[in-house]
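Novice: task: produce atomic coordinates for the following.
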Amino acid sequence: MLYATATTRSAPVFGLRREIDKLFEDTFGHGPAGSHAWMPAVDICETDTELTFVVELPGLKPEEVDVSALDGVLTIQGQRIDERSVGEDERYHLVERNYGSFLRRFQLPQGLDGENILADVENGVLQVHVPKSRVSKPKNVRVTAGTGAAPSSPQNLGRGASPAETAPMAAQSRQSD
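Specialist: This next block holds a predicted model:
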């Protein structure tokens with residue numbers, strides 16, 4: 001008997017909670033319960049080789065998620081459908097899970113390879129791997145003295161003449177002019 005009394009007293013509280021939740025949803029433009037957009041939580045991790053986006057998507061299948069990259073923007077979108085059945089003999093007293101469509105966009109920094117992005121869903125977690133581009137590393141060039149690396153006159157191009165050989169030829173060329 002005590003259990004029935006406690007249930008009867010708490011039922012109006014749950015009804016009031018539903019009404020307050022509905023009022024907030026309608027006020028902030030989310031529409032009816034279950035049809036509003038939601039934002040899954042995202043973690044972004046960077047290593048030497050890639051940027052990884054870890055997105056919480058419990059209950060979604062891979063075919064319910066779209067991942068794309070265009071003009072340096074990574075877009076993750078999808079929809080979670082409300083599969084609750086409300087019949088004559090059941091009522092929900094609390095609904096905290098989000099349903100409906102979602103859209104997340106991230107501006108990707110320079111130096112990422114947008115052509116080789118990989119995405120995988122496992123245990124309700126989406127991982128999007130964006131590899132870093134192979135950046136040309138600077139090449140150190142050894143500087144030496146007096147080896148004649150660059151010919152000094154057009155006559156010696158391709159011949160590989162040393163500076164010692166080039167000087168007399170240049171003087172001779174000036175005398176004949």
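Novice: so for stretch 126-138, what gets flagged as buried?
Specialist: Judged by neighbour count using 16 or more other C-beta atoms under 10 Å, the buried positions of stretch 126-138 are Leu126, Val128, Val130, Pro131. (Glycine included, C-beta is placed from N, CA and C.)
Novice: widest-spaced pair of those residues?
Specialist: Farthest pair in the buried residues of stretch 126-138 (C-beta to C-beta) is Leu126 and Pro131. Separation: 16.9 Å.
Novice: end to end, how far does stretch 109-117 reach?
Specialist: 14 Å (C-alpha to C-alpha, to the nearest Å).
Novice: one more: stretch 20-38?
Specialist: End-to-end distance for stretch 20-38: 19 Å, by C-alpha to C-alpha.
Novice: now the strands for the chain?
Specialist: 42-46, 50-56, 65-70, 73-80, 100-107, 118-122, 125-131 (DSSP state E).
Novice: restricting to C-alpha, output the fifth one in PDB.
Specialist: Extracted in PDB, the C-alpha atoms of strand 100-107 (Å, rounded to 0.1, in the frame of the first residue of the first chain):
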ATOM      1  CA  GLY A 100      17.300  13.300 -34.600                       C
ATOM      2  CA  SER A 101      20.000  14.600 -37.000                       C
ATOM      3  CA  PHE A 102      23.400  16.000 -36.100                       C
ATOM      4  CA  LEU A 103      26.000  17.900 -37.900                       C
ATOM      5  CA  ARG A 104      29.600  18.800 -36.800                       C
ATOM      6  CA  ARG A 105      32.100  20.800 -38.900                       C
ATOM      7  CA  PHE A 106      35.700  21.300 -38.200                       C
ATOM      8  CA  GLN A 107      38.200  23.600 -40.000                       C
END
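Novice: what packs against it?
Specialist: Counting contacts by 3 or more C-beta pairs under 8 Å, 6 or more residues apart in numbering; DSSP states H and E, strand 100-107 packs against strand 73-80.
Novice: how about the strand it packs on: buried residues?
Specialist: Leu74, Ile76, Gly78, Arg80.
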